[in-house]
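Undergrad: For reference, the sequence and a predicted model appear below.
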Amino acid sequence: MTEEVPDDGGGGRKRLLFLTNSQAELISGSSASLQKMLDALEIPRPKLVINLLVSQGSTDYVTNEILGELAALGKADAGLMPRRGPFAGPDEERQAIEMLDHFMATVILPLAAQTNAFVLCSACPNTCMLSSSLTRMFSVHRSTWGREPPFTVLSTTASISKLYQNPDETSVWRGVRRASRAWRQRDRKILELVHAKFDDEVPIYHTDLDPNAMIYLVVDTIHPKRERLGDKKPFNRLMNELLRYLAETLPCLTIKTGHSDKPSLDKATQHASSLGVAMETMLSGSPLLFLDMRDRPLIEATDREMLISAAKVAYEKHCMSLLEAGVAETFDSMSISYFHDVLFGDGDIRNTETHQGAKGRKLVYLHEAIQRAEEGRGATHDGKFAPATVQQINQTALWLATRFFLDAWELLPASVKQEAAAAGVTSMMSYYADNITALSVHIRTILNGRNFHHVNLHDIDGAFRLVGELVKLDRLPNETSYQGLLLLRSAWCEFDGAMMNANKYKLRSKLIFFMHLVISVTIIIIGNLLLVFPSTQLQHALYGLATFITVLSGLDSLLNPTRRWHQLRSMACSMEATIWMYRARVGRFQQVSSV
C-alpha cells in the first residue's frame with residue numbers, strides 16, 4: 001500500500017501513499033479502514049495529533065501559485081495581489097515569518113517530540129506558511145533526534161494538477177513519481193486530463209512537494225464518473241474523518257493562520273484552505289487555534305461595546321494603511337484571531353493567559369459563579385469585561401466579512417467592474433453577495449465555537465502555555481451553565497444538610513454509648529463494694545443505676561441514632577461522589593462530542 005521513495009537529502013526514510021479518489025472515499029468510510037491506512041504507514045502510537053491546516057497568503061504563495069494578473073483571479077481569491085503579500089513591506093513579512101519559525105521551533109517541535117505526535121500538514125510548502133515553517137525548522141533541528149525523530153509528519157496534498165504544471169525536471173515530485181508504481185499507473189491519465197483541462201495550453205506553476213517531508217499522502221482528485229481533475233471532496237473528507245477518528249482517543253490540536261479561500265457555501269468543501277474546512281474540524285471536537293502575527297495596538301475601553309467599536313476603528317486604520325501600500329488585508333485567520341480576543345478577552349495581544357482560561361485562571365466560588373451568570377457575565381468569567389453577546393458576535397462577523405471584500409473591491413481592476421456593471425452588478429455587496437454570506441457564516445460559527453482559541457505570536461510565552469493546556473485530553477467544559485450551577489448549589493445544600501444531621505446523630509450515638517459505658521462500669525464498682533461494705537444506700541444507688549441504664553437502652557432503641565448516623569453519612573458520601581462525577585464529567589455525566 002505504501003512505497004519507499006528516494007531521499008536525496010539523506011535525512012532519513014521517506015514513504016508515499018498514492019490514492020485515487022475512489023480509494024480515498026473507501027478509506028474514509030470506516031474506522032477500520034482508517035486504522036489499516038495508519039498501520040500501512042507504520043505510524044507508531046502517538047499521544048497527540050497536530051493538524052496544520054492550509055494557510056496561504058504569503059508573498060511566496062502569491063508569486064508561485066497565483067498566475068496572471070489581478071483581473072484573472074476568481075472571487076474566492078478576492079484581495080490577493082499577484083507577487084505581493086498583504087504586508088506593508090518586506091521587513092514586516094520577514095518579522096512575521098521569523099515569529100512563526102520561532103513558534104514552531106520552541107513550541108510545536110518540542111511538544112511533538114515529547115508526545116510522539118502525529119503531525120498532519122501540507123505537502124506543498126508554497127501553499128502553506130505553517131507547513132513550510134514546520135518542515136523548515138524540522139530540517140534545521142533534525143540533528144537533535146537523528147535519522148528517526150520521535151514524531152511523525154504526514155504531508156498531504158490534492159494539488160496534483162499544479163504539480164503536473166511544474167515543468168522543472170529536477171523538481172521533487174518528479175523523483176517521487178518515478179519511484180512510485182501506483183503513481184506511474186495513473187500518470188498517463190492525469191497528464192491527459194491536465195492537457196484537456198487547459199486545452200493543451202497548460203499554464204506554468206512552481207508547485208512542488210516538500211523535500212523535507214517524511215511521509216507523502218497524494219490524492220489524484222480525478223472524479224471517478226466525470227473523468228475530470230480537481231474533485232477535492234474525497235481528499236477533504238479523508239482528512240476530516242482521519243482527524244475525527246484520531247480525536248476519539250487522542251488529544252488533538254488544529255492550527256491555522258494567514259489567508260483562506262473565500263468561496264460560496266456550496267463550494268466551501270472543494271477548497272482545502274477555506275474557513276469551512278477549519279469550521280468542520282472545530283465542530284468535530286478538535287481545539288482550533290488561530291495564530292495572529294500582526295502587531296495590534298493596545299485599546300483602552302470601559303466596557304465590551306466600547307472595546308469592539310475601538311477595535312473596529314483601529315482595524316480599519318490598519319486596512320487603509322495596507323490599501324495605501326497597494327495591497328488588501330487578506331489574512332482573515334489573523335483578523336478572526338484578533339477579534340476573538342476583542343469579543344471574549346481584553347483586547348491586549350500580549351496577555352493571552354488571562355482570557356484563554358489557561359493554567360493560571362483564578363478559581364471562582366460557586367455563589368460568585370451563580371451571581372455572574374445571573375448578571376450575564378459568564379459563570380467563570382474573571383476578566384474586566386463581560387463576554388460579547390450573540391448579537392455583538394454576529395454583527396462583528398458580518399462586519400468583518402464585508403470589510404474583507406470591501407478592500408478587495410477597491411483593488412479590483414476597472415475592466416472587471418465594467419464587465420460586472422454590464423451584467424447589472426454595480427456594487428461590492430451584489431458582486432460578492434454569495435461570498436460574503438458564506439464567509440460571515442463561517443466566521444460567526446467559529447467565533448461562537450467552544451473549541452476555538454486564539455493567540456498572538458508577540459506573546460510567545462502565552463502561546464506556549466495555551467498550547468500546553470489545549471493538548472490535554474480534558475472532558476471539562478469551559479464553564480457550567482446557569483442551570484447546572486443551580487443544580488450544584490442544590491446538591492451541595494443536600495450534602496451539607498445530610499452531613500449536619502449525620503453529625504447530630506453521631507453525637508447522640510456517642511453520648512448514649514458513653515453514658516451506657518460509664519453507668520455499666522459504675523454498676524460493677526458498686527456491686528463489688530456491696531460485697532465488702534453492705535449498705536442500703538449502695539443498694540438503692542445500684543437499683544437506680546440499673547433502672548436508668550434500662551431507660552437509656554430504651555431511648556437508644558427508640559431514637560436509633562447510630563443507624564441514622566450511618567445512613568445519613570452514606571447518603572451524603574453518595575451525593576458528594578455524584579457531585580464530583582458531574583464536575584469532572586465522568587461516568588454517566590461523560591460528554592460525547594457531537595458534530
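TA: All right, it came through fine. Numbering: from 1, shown residues only.
Undergrad: which residues sit in contact with residue 293?
TA: Counting by CB atoms under 8 Å, 6 or more residues apart in numbering, residue 293 touches 96, 99-100, 257, 334, 456-457. Every residue, glycine included, has its C-beta placed from N, CA and C.
Undergrad: how does it look with 10 Å?
TA: 87, 92-93, 95-100, 103, 129, 257-258, 331, 334, 337, 456-458 (CB atoms under 10 Å, 6 or more residues apart in numbering).
Undergrad: Tell me the gap between stretch 550-568 and the middle of its chain.
TA: For stretch 550-568, the distance from its own C-alpha centre to the chain's C-alpha centre is 57 Å (CA atoms, centre = their mean, to the nearest Å).
Undergrad: by contact count, what packs against the host helix or strand of residue 525?
TA: According to DSSP states H and E, residue 525 maps onto helix 482-532. Packing partners of helix 482-532 (3 or more CB pairs under 10 Å, 6 or more residues apart in numbering; DSSP states H and E): helix 366-374, helix 536-559, helix 561-584.
Undergrad: count of residues packed around the nearest residue to residue 456 once chain neighbours are set aside?
TA: Using CB to CB, 6 or more residues apart in numbering and skipping residues adjacent in sequence, the residue nearest residue 456 is residue 349, 3.8 Å away. Counted with other CB atoms under 10 Å, residues neighbouring residue 349 total 23.
Undergrad: For residue 455, see how far away residue 349 is.
TA: 9 Å (CB to CB, to the nearest Å).
Undergrad: can you check residue 426 too?
TA: 41 Å.
Undergrad: Have a look at those two and say which one is more surrounded.
TA: More crowded of residue 426 and residue 455, by other CB under 10 Å: residue 455, with 28 against 12.
Undergrad: Hmm, residue 455 and residue 469 touching each other?
TA: No: between residue 469 and residue 455 there is no contact under CB atoms under 10 Å: 11.1 Å.
Undergrad: Any regions of the stretch 451-595 of the chain where pLDDT drops low?
TA: Low-confidence regions of the stretch 451-595 of the chain, defined by pLDDT under 70, span residues 473-478, 591-595.
Undergrad: try the chain
TA: 1, 8-12, 67-72, 353-363, 375-384, 473-478, 591-595.
Undergrad: Common neighbours of residue 349 and residue 455, please.
TA: By CB under 10 Å, 6+ apart, residue 349 and residue 455 have these common neighbours: 292, 337, 341, 462.
Undergrad: Quickly check these for the two that are furthest apart.
TA: Using CB to CB, the two most remote members of the shared contacts of residue 349 and residue 455 are 337 and 462, lying 12.6 Å apart.
Undergrad: Those two: who's more crowded?
TA: residue 337 (27 against 21).
Undergrad: Would you quantify the distance from that one to residue 166?
TA: Taking CB to CB, one finds residue 337 at 33 Å from residue 166.
Undergrad: helix/strand/coil for the residue of the chain positioned farthest from its centre?
TA: Relative to the mean C-alpha coordinate of the chain, counting by CA atoms, centre = their mean, the farthest residue is residue 534 (89.4 Å). The three-state assignment at residue 534 reads coil, by DSSP: H, G, I helix; E, B strand; the rest coil.
Undergrad: and what of residue 4?
TA: Under three-state DSSP, the three-state class of residue 4 is strand.
Undergrad: Check residue 289 too.
TA: Per three-state DSSP, residue 289 ends up strand.
Undergrad: Who does it form a beta bridge with?
TA: Residue 289 forms beta bridges with residue 255, residue 453, as assigned by DSSP bridges.
Undergrad: In this structure it contacts residue 456, no?
TA: No: look at residue 289 against residue 456 with CB under 10 Å: they stay out of range, at 11.5 Å.
Undergrad: tell me, what's touching these two both at once?
TA: 337, 463.
Undergrad: if I pick residue 279, what's in contact with it?
TA: Counting by CB under 10 Å, 6+ apart, residue 279 has contacts 268, 288, 441-446, 449, 452.
Undergrad: Secondary structure of it: a strand, I assume?
TA: No: using three-state DSSP, the assignment for residue 279 is helix, not a strand.
Undergrad: Please tell me how far it sits from residue 446.
TA: 6 Å.
Undergrad: tell me the domain ranges of this protein?
TA: Recorded structural domains for the chain (assignment: automatic domain parsing) are 3-470, 482-589.
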